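>>> kindly generate the corresponding structure for this input.
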Amino acid sequence: MKGFGRYMMFLGSMFVRRETFITYYHLTLEECIQIGIKSILLFMLVSTFMGAVTTLQTAANLVSPFVPKFVISQVVREMTVLELAPTIMAIIYAGKVGSSMSGGLGTMRITEQIDALEVMGINSASYLVLPKIVASLMMFPLLVIVAAVCSMIGGYLAGTLTEILTPTEYIYGIRYSFNEYFITFALIKSFVFAFLISSISSFRGYYTQGGALEVGISSTQAVTTSIIAVLLADYFLAYLLL
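Below is the predicted model:
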């Protein structure tokens, strides 16, 4: 409870003694490049193979002749939109971006750069962390959309190249009985996951104490705590919104 209270106070401290809008604008753009542009290739690669493997495994389990083949792509669509794109990508996001946030802030803390900002009268939490959270809220939902599209493309390539099903059957299954609310649900999850990962990782890095060894420990704790928070949030969001 002590750690949770400190975390809530940390979030509240970002909204006092704020800088000018133009300052946050430039800082947020820089973070968007670091978070989004430099992560998109990894997301595309992982999601493409994820969709391909899901297609092959679904086809291997649907052995009944009474089940139409377009059900394969329908299963790929539902798994991708509801779980694989937002949740699995969030775990990868925590490992890549979350650890980077925590390590960067931890290094600034042990080298007294954060203390220097405080001496100059700058709210270091707001100046350093708020742009990271805003950029994360902006970029991670876009990365989830890209991952979902690449996953379905990967499933299409795997299904058609191995002749498990025809292109017409795959497209028909993707479009069959589509529930538009699932897209909304996936985006809600992505916003929540983006906030949890960026804020928890920044919190762990911001309060790092010690030396270089403790920076590594903080990064590990940031990833572990973020993944646990994502999984818990995934359960509660599914319970409340589905």
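>>> so which residues of this structure form helices?
Secondary structure of the chain by DSSP state H: the helices cover 2-13, 21-32, 40-61, 70-79, 89-93, 99-110, 113-119, 124-128, 130-161, 167-175, 181-206, 212-241.
>>> I'd like the mean pLDDT over the fifth one, please.
Just to be clear, that refers to helix 89-93. Average pLDDT, helix 89-93: 93.
>>> what helices and strands are in contact with it?
Packed against helix 89-93, as judged by 3 or more CB pairs under 8 Å, 6 or more residues apart in numbering; DSSP states H and E, are the following elements: helix 40-61, helix 130-161, helix 181-206, helix 212-241. Quick note: C-beta positions are derived from backbone N, CA and C, even for glycine.
>>> buried set for the third one?
By that I understand helix 181-206. By 16 or more other CB atoms under 10 Å, the buried positions in helix 181-206 come out as 185-187, 189-206.
>>> for residue 113, which of the helices and strands packed on helix 89-93 is the nearest?
The closest of the helices and strands packed on helix 89-93 to residue 113 is helix 181-206. By CB to CB, the value is 11.6 Å.
>>> figure out how far that closest one is from the centre of its chain.
Here helix 181-206 is found 6 Å from its chain centre; the criterion is CA atoms, centre = their mean, to the nearest Å.
>>> who's in contact with residue 145?
By CB atoms under 8 Å, 6 or more residues apart in numbering, the contact list for residue 145 reads residue 85.
>>> center of this structure, which residue is that?
The centroid of the chain falls nearest to residue 90 when counting by CA atoms, centre = their mean (3.1 Å).
>>> what number of residues lie near the closest residue to residue 75 other than its chain neighbours?
Nearest non-adjacent residue to residue 75, counting by CB to CB, 6 or more residues apart in numbering: residue 58, 4.8 Å away. By other CB atoms under 10 Å, the residues close to residue 58 number 19.
>>> repeat that for the one 10 residues further on.
By other CB under 10 Å, the residues close to residue 68 number 14.
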